[in-house]
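In: Got a sequence here, can you build the structure:
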Amino acid sequence: MKRGVITIFAGMLMMFVCTSLGMAATRTWTGSTSTSWTTTSNWQSGLTPTSSDDVVIPGALSRYPVVTTIETVTSITVNSGATLTVNGGTVYCTGTLTDNGSVSISSGTIHMGAPGVDPWYSISIGASGSFTQSGGTVDVQDLSIASSPNGTYTQSAGTLNIYHDFINRGTFNATGGTVEFDGAGDQNAFPSPLGSTQFFNVNVNQDPKFANNQVSFNVAGNWMTNNISVDESAKSGTVTFNGTGAQTIGGNGNMVFPNLVVNKTSGAVTLAANTATNNGNVTVTAGTLDLSTYQLNGNAVVETLSVANGATLRIGANNFPTSYSTRSFGATSIVEYYGAAQTVSAETYGHLTLSGSGTKTMPATALTTQGNFTMSGTASATAGASMTVGGNFTIGAGTTFSAATFGHFVKGDFTNNGTYTPSGSSSFTFNGTSAQIIGGTNSTTFNALTVNNSSGLTLSGVDLTVSTTLTFTAGTITTGSRKVIIPAGGSVSRTSGHVVGNLQKYIATGAPSATFEVGTTTYAPINVSFASVSVAGNLIASTTGGDHPNIASSNLSTSRTVNRYWTLTNSGISFTTYSATFNFVSADLDAGVTTSKLMVGRYSAGWTYPAIGTRTATSTQATGLTSFGDFQLAETAPPVISLVKSCNVSGSALPGTDLGYTVAFTNSGASAAQNLVLTDPVPTNTDFKVGSVAQSLGTTGLGVSVTYSNDSGTSWNYAPLSGGGNAPAGYDRNVTNIRWTFTGNLSQVSPNNAGSVSFTTRIR
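Out: So this is what the prediction gives:
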């Protein structure tokens with residue numbers, strides 16, 4: 001009996017347990033009434049799910065649930081074609097969320113576990129399933145995304161907290177929001193092959209184990225490693241930072257990447273903590289990697305640091321990250337040292353920029369930039385060895401560069417807006433293949449300079465001074481309105497090339513000579529020799545293509561010239577006389593020129609014609625010169641003066657009649673007339689009328705003096721007198737001749753080539 005009671009009691013206990021377990025049920029959504037999760041008529045059983053229920057949301061319905069309250073269930077299955085939306089509510093799921101349809105969360109929480117504890121359950125996104133997070137929080141133990149066709153997780157905002165494994169074989173695409181790895185992954189995390197994975201912000205609070213396999217993924221936002229040290233370099237995976245805005249790699253923990261890639265269309269990836277790579281490379285494919293004040297360390301045995309064309313590596317407070325066995329820079333890449341005192345590594349750079357402040361210590365071995373070398377900010381640098389700059393060399397305002405004692409080579413433009421110190425035995429060679437410019441706001445003094453560029457060098461708004469030797473190997477220096485200056489102790493060495501424009505040289509005391517290596521498209525130098533210089537100074541020389549603009553007013557032929565003229569300008573020289581030899585080439589000559597007949601015309605507010613020294617087929621020397629100006633070579637061309645005399649009375653005239661005579665003169669020759677003198681006798685049986693002489697000189701520019709003779713031109717010192725020689729009052733019978741002596745040149749060019757003189761006599 002007792003035994004039977006015990007049996008019955010045991011049976012009752014078993015029934016209680018079975019009844020309790022039997023309370024768990026499957027709740028199927030119908031959406032009969034609305035989208036409200038809490039409306040009982042929306043569920044097949046007429047009961048809303050509880051914490052012990054499995055939820056099934058089938059497809060092919062007209063309405064799907066939207067969670068706006070706090071709900072707890074055991075598991076959720078979203079079938080193909082079905083939708084689950086969380087909008088401000090909280091879903092606690094103590095089993096698996098299987099997504100074969102579409103799940104979205106814009107605010108609120110999906111927590112894969114019981115309230116108040118870390119998530120212990122997974123979200124599984126099946127083939128063709130989609131999960132969209134535009135806000136809110138998702139807490140999950142494992143996130144699994146299937147492939148074939150790909151399941152997708154799309155994140156634009158909110159936080160996804162993963163406490164165990166990230167298993168993506170489909171597509172994970174984040175354009176915003178944060179993925180936090182809050183628990184350590186195991187052997188299932190980051191499978192190989194990993195599906196397409198694009199993170200935005202990543203917070204690493206525990207090791208996510210993406211080094212389980214050789215996988216690659218992208219990060220478009222910030223990467224933070226917090227309170228731990230994580231080394232993910234066991235496999236040669238790749239993390240690519242590819243956002244379009246500013247990105248940061250930081251946190252208060254240490255992160256070791258495998259391959260680290262920066263591939264950004266805009267913005268920079270900036271270190272906010274010390275970072276390292278191991279078993280892989282650092283590659284800046286596009287955009288900027290900014291080390292800021294932190295270190296980027298690598299394994300020097302195998303790793304490569306490379307910066308591609310157009311990409312930038314910026315180095316802040318520290319020096320170049322040299323712990324890479326290979327460093328590679330594209331020709332148009334940029335490396336910028338922008339901290340305070342820094343040491344510049346000896347690399348073959350693309351573009352190299354020294355900015356910021358302090359002293360940049362240059363390498364003691366040769367440095368090459370394939371592109372530009374630029375200084376900005378208040379940085380200063382002294383060359384530690386030869387520099388070869390394949391692009392432009394720019395010294396920015398507020399910066400200082402010293403060339404030290406080395407030879408430097410520049411293939412682009414040289415711009416000095418700061419301070420340049422030539423120092424010691426330094427030299428610069430301009431050896432580009434296209435035209436080069438020396439410019440800036442400050443004129444530059446080089447110690448030695450070589451031009452070896454057939455396309456030439458041009459001064460842009462500055463003078464160029466070369467203290468020791470200016471060497472022309474190939475090409476010219478075009479000065480414009482500026483000049484090339486060779487000071488005391490300087491010289492010019494020439495193989496090919498010259499100055500197109502102004503060349504200034506120092507002229508010492510004594511009897512110095514100098515050659516001015518000037519020309520236009522052809523070489524046409526000037527050789528100057530001084531007889532005696534008492535005060536030293538500078539002489540500036542140039543030559544200009546084409547005849548002198550005032551040659552028409554000279555005695556030189558305009559059709560038989562050397563088609564160029566030379567200019568010499570004094571600056572402080574005191575001297576007695578000098579000679580100058582003007583050199584030309586046969587192509588400068590007009591057709592028919594006889595070089596043995598060439599004369600020199602010097603123009604300075606008028607023409608003078610110095611004595612001629614030695615002539616050759618390609619040069620003519622002027623001697624005994626006492627002043628400077630413009631110099632033209634040409635054969636001489638005599639003027640042709642036509643005289644026409646007329647009288648204002650024609651036919652017969654009675655005694656006592658006044659006769660007015662006019663002599664018109666015209667120069668119709670090929671050159672201007674100098675030292676023009678007209679003389680005219682007083683007609684016989686007439687008396688000269690005192691004070692009747694006049695002249696009309698128009699625009700000839702001539703000056704004139706008039707003299708008289710009383711002895712038929714033997715002497716010219718007679719002064720006419722009223723009644724002279726018993727002539728009537730107002731007349732002088734003693735005057736036999738009148739002479740007009742002109743000063744200035746009578747041009748051969750109308751209307752400046754004609755004038756007239758006149759006088760009056762009386763018939764006796």
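In: Break down this structure into its helices, ranges please.
Out: Here the chain has its helices, by DSSP state H, at 2-21.
In: Lowest-scoring secondary structure element of it by mean pLDDT?
Out: The helix or strand of the chain with the poorest confidence is helix 2-21; it has a mean of 32 (mean pLDDT, DSSP states H and E).
In: elements contacting the longest strand anywhere in the chain?
Out: The single longest strand within the chain, with elements called by DSSP state E, is strand 556-571. Applying 3 or more Cβ pairs under 8 Å, 6 or more residues apart in numbering; DSSP states H and E, we find strand 556-571 packed against strand 526-530, strand 537-545, strand 578-583, strand 629-636. The C-beta positions use only the backbone N, C-alpha and C, and glycine is treated the same way.
In: chain center to the first one: distance?
Out: What that stands for is strand 526-530. Counting by Cα atoms, centre = their mean, to the nearest Å, strand 526-530 is centred 41 Å from the centre of its parent chain.
In: for the longest one, same thing?
Out: Using Cα atoms, centre = their mean, the mean C-alpha position of strand 537-545 is found 32 Å from that of the whole chain.
In: Report the buried residues of that strand.
Out: 538-544 (16 or more other Cβ atoms under 10 Å).
In: which residues touch residue 293?
Out: By Cβ atoms under 8 Å, 6 or more residues apart in numbering, the contact set of residue 293 is 316-318, 339.
In: any chance of the residues you listed in a markdown table, plus distance to residue 226 and pLDDT?
Out: Shown next, in a markdown table, are these (distance: Cβ to Cβ, whole Å; pLDDT from 0 to 100):
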| residue | distance to residue 226 | pLDDT |
| --- | --- | --- |
| 316 | 23 | 94 |
| 317 | 23 | 85 |
| 318 | 23 | 84 |
| 339 | 27 | 95 |
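In: Mark which of these are buried, thanks.
Out: For the contacts of residue 293, buried by 16+ other Cβ under 10 Å: 316, 318, 339.
In: What residues does the last one make contact with?
Out: The reference is to residue 339. The contact partners of residue 339, by Cβ under 8 Å, 6+ apart, come to 293, 315-318, 356, 358.
In: So which of those residues sit within strands?
Out: Members of those lying in strands (criterion: DSSP E): residue 315.
In: what's the closest of the contacts of residue 339 to residue 350?
Out: For the contacts of residue 339, the minimum distance to residue 350 (Cβ to Cβ) is 14.3 Å, reached by residue 315.
In: what number of residues lie near the closest one?
Out: 23 (other Cβ atoms under 10 Å).
In: In this protein, which residue is most central in space?
Out: For the chain, residue 392 is the residue whose C-alpha lies nearest the centre (Cα atoms, centre = their mean; 7.6 Å).
In: Isn't that one up against residue 432?
Out: No - contact between residue 392 and residue 432 fails when scored by Cβ atoms under 8 Å: they sit 9.9 Å apart.
In: Distance of residue 394 relative to residue 226?
Out: Distance, residue 394 to residue 226, by Cβ to Cβ, to the nearest Å: 42 Å.
In: buried sites along stretch 709-720?
Out: Across stretch 709-720, burial judged by 16+ other Cβ under 10 Å covers 709-710, 716, 718, 720.
In: Spit out the residues that contact residue 392 and residue 432 alike.
Out: By Cβ under 8 Å, 6+ apart, residue 392 and residue 432 have these common neighbours: 410, 412.
In: Residue 213: what's its closest spatial neighbour, skipping adjacent residues?
Out: residue 192 (3.3 Å; Cβ to Cβ, 6 or more residues apart in numbering).
In: And for residue 341?
Out: residue 358 (4.0 Å).
In: related to what we said a few turns ago, list the contacts of the residue nearest to the centre of the chain.
Out: Counting by Cβ under 8 Å, 6+ apart, residue 392 makes contact with 372-374, 410, 412-415.
In: try 7 Å
Out: By Cβ atoms under 7 Å, 6 or more residues apart in numbering, the residues touching residue 392 are 372, 412-413, 415.
In: May I see the buried residues of stretch 393-403?
Out: By neighbour count on 16+ other Cβ under 10 Å, the buried set for stretch 393-403 is 393-396, 399-403.
In: So residue 405 versus residue 610, what's the distance?
Out: As judged by Cβ to Cβ, residue 405 and residue 610 stand 47 Å apart.
In: same thing with residue 182?
Out: Residue 182 is 98 Å from residue 610, by Cβ to Cβ.
In: sorry, back to before: let me have the helices and strands packed on strand 556-571 in JSON lines, adding distance to residue 266 and mean pLDDT as columns.
Out: Output for those, formatted as JSON lines (distance: least, Cβ to Cβ, whole Å; pLDDT from 0 to 100):
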{"stretch": "strand 526-530", "distance to residue 266": "57", "mean pLDDT": "98"}
{"stretch": "strand 537-545", "distance to residue 266": "50", "mean pLDDT": "98"}
{"stretch": "strand 578-583", "distance to residue 266": "59", "mean pLDDT": "98"}
{"stretch": "strand 629-636", "distance to residue 266": "58", "mean pLDDT": "96"}
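In: Out of these, which is closest to residue 207?
Out: Between residue 207 and those, the tightest spacing by Cβ to Cβ is seen for strand 537-545, at 75.7 Å.
In: so what secondary structure elements neighbour that closest one?
Out: Under the contact criterion of 3 or more Cβ pairs under 7 Å, 6 or more residues apart in numbering; DSSP states H and E, strand 537-545 touches strand 499-507, strand 556-571.
In: Give me whichever of these is most buried.
Out: Mean neighbours per residue, mean count of other Cβ atoms under 10 Å, is largest over the helices and strands packed on strand 537-545 for strand 499-507, with a mean of 24.
In: Remind me what it packs against, helices and strands.
Out: When contacts are defined as 3+ Cβ pairs under 7 Å, 6+ apart, strand 499-507 packs onto strand 477-486, strand 513-516, strand 537-545.
In: of those strands, which approaches residue 602 most closely?
Out: Evaluated over the helices and strands packed on strand 499-507, closeness to residue 602 peaks at strand 537-545, with 14.0 Å, by Cβ to Cβ.
In: Next, count neighbours for the closest residue to residue 180 other than its chain neighbours.
Out: Excluding the flanking residues, the one nearest residue 180 by Cβ to Cβ, 6+ apart is residue 203, at 4.3 Å. Number of residues near residue 203 (other Cβ under 10 Å) recorded here: 17.
In: Report the contact partners of residue 203.
Out: Each residue near residue 203 by Cβ under 7 Å, 6+ apart is listed here: 178, 180, 224, 226.
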